[in-house]
Each structure stands twice: as C-alpha cells, then as structure tokens.
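*Asks:* Sequence first, predicted coordinates after that:
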Amino acid sequence: MNGINGFLGTRASLMLDVVFLAMFAIVPLLSLSLYCVKRRLRYGLHKRLQLGMAAILLVAVSLFELDMRLFTDWRARAAGSPYYSADGWSLVWASLTVHLGFAVPTLVLWIAVIALAWRRFPTPPRPASHSETHRVLGWLAAIGMTMTAATGWLFYWLAFAA
Ligand code: HEM
C-alpha cells in the first residue's frame, strides 16, 4: 500500500480517515453554532464556533492535500472497490465529481463569509447592517458544507470501504 494506512480498517490512508472523521465533528458543531444564533442569540459563541471550525478545516484539508499530492495514490487504494474502474467512468469517479462540485465552491464561500463577517460586524458581534447579506451567504455556506460532508462520506464508502 502507498502512503500511511488509516485506522478505520478500510483501504483508506491515514489522512483520508482523519478528514472522514473531522467531518463528523463539523456537522454537529455547525448545527450548534446556528442554534446559538437563532434561538439563544449567543452571537459571540457563534463567532468562536465558526472560527474554530474554520481552523480545524484549514489544518485537516491542508494536511490532506499534502498527503494526496505527495504520498498517497488514492486510485491504487480504490482499486479493490467493485464501484471503481481504472480505465473508465465509474460510480467512484461520479461521486468524486459531485463531491468536488460542492467542496470547491463551499471553500470559497466560507472564506468570503468569514472575511465579510470579520470586517462588517462589530466586536462583540451583534446584528448590524451586514445581517441580511450574512444570513443569505451563511445559509448557503452551511448547506454547502453539509453537502460536502455527505458527498465526501459517500465517496469514501464507495472507494475505500465497499
Ligand atoms: C463560515 C462562517 C459562518 C457561517 C456559515 C455563518 C452562518 C450564519 C447564519 C446561517 C446565520 C443566520 C441564522 C438565522 O437564520 O438567523 C448567521 C447569523 C449571524 N452571524 Fe454568522 N456565520 C459565520 C461566521 C460568522 C462570524 C465570523 C461572525 C462574527 C464576526 C458571525 C456573526 C453573526 C451574527 C452577528 C449573526 C446574526 C445576524 C442577525 O440575525 O442579525 N458569523 N450566521
């Protein structure tokens, strides 16, 4: 096997397993953060949770990209899957395409939502003239992240667990 083997007992590499699990932390944290802002009006906690998630994702995704580019050939690890074909279109490739279709725009959106919120909300954070734009972009970013996680898990399962 190429790269370092993961710990979940599948064909995935260590960093694939780390990112797979990190997404299980992100989805509940995101729900908690939005609950804080909607029901309890705890804007400071919302801000800290969002920045915390962005930090986790930045580290995990950077290590993951390094691993994929330098150490791990995921195609070789997916070769044992009945849904993968080395020389043509397959369900694994289809799921990866859908996953990247969510992941790449969501990354750009998250950076934009944080940069705008950082500059346009007062400290400590509370509703301001930026609220309406932030609510629309924030919901798009949250839905994008949830879909990124769901499609990422599907790709992982098809490629490395099945
Ligand atoms: C990617 C990061 C973020 C996402 C996805 C996000 C998402 C959201 C969403 C969806 C809402 C609206 C909830 C509703 O429907 O009422 C919201 C509200 C809010 N967010 Fe964020 N947020 C992020 C980062 C931040 C940051 C960094 C700050 C502070 C600097 C912040 C401050 C606020 C405030 C003050 C509100 C309340 C706005 C209002 O209802 O008037 N957010 N956020």
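*Replies:* Structure's in. What do you need?
*Asks:* ok, now which ones touch Asn5?
*Replies:* 13-14 (Cβ atoms under 8 Å, 6 or more residues apart in numbering). (C-beta placed from N, C-alpha, C; glycine too.)
*Asks:* That one bridge partners, please.
*Replies:* According to DSSP bridges, the partner residues bridging Asn5 are Ser13.
*Asks:* Quick check: residues of the chain near the ligand?
*Replies:* Residues of the chain lying close to the ligand (Cβ under 6 Å from any ligand atom) are 34, 37-38, 43, 46-47, 50-51, 110, 113-114, 117-118, 121, 125-127, 131, 134-135, 138-139, 141-142.
*Asks:* Please, which helix or strand holds the residue lying farthest from the centre of the chain?
*Replies:* Relative to the centre of the chain, the most outlying C-alpha is that of Ser129, 28.9 Å out, by Cα atoms, centre = their mean. Here Ser129, judged by DSSP states H and E, is contained in no helix and no strand.
*Asks:* which non-adjacent residue is nearest it?
*Replies:* Nearest non-adjacent residue to Ser129, counting by Cβ to Cβ, 6 or more residues apart in numbering: Arg120, 7.6 Å away.
*Asks:* Cys36: neighbour count?
*Replies:* As a burial measure, Cys36 scores 19 neighbours (other Cβ atoms under 10 Å).
*Asks:* contacting residues around it?
*Replies:* Going by Cβ under 8 Å, 6+ apart, Cys36 touches 42-43, 45-46, 49.
*Asks:* now do 10 Å
*Replies:* 42-50 (Cβ atoms under 10 Å, 6 or more residues apart in numbering).
*Asks:* Please pick the buried ones from these.
*Replies:* Buried subset of those (neighbour count, 16 or more other Cβ atoms under 10 Å): 42-43, 45-47, 49-50.
*Asks:* Export the residues you listed to TSV and append columns for distance to Leu158, pLDDT and secondary structure.
*Replies:* Formatted as TSV, the buried ones among the contacts of Cys36 follow (distance: Cβ to Cβ, whole Å; pLDDT from 0 to 100; DSSP: H, G, I helix; E, B strand; the rest coil):
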residue	distance to Leu158	pLDDT	secondary structure
Arg42	39	92	coil
Tyr43	40	96	helix
Leu45	37	95	helix
His46	34	97	helix
Lys47	36	97	helix
Leu49	31	96	helix
Gln50	30	97	helix
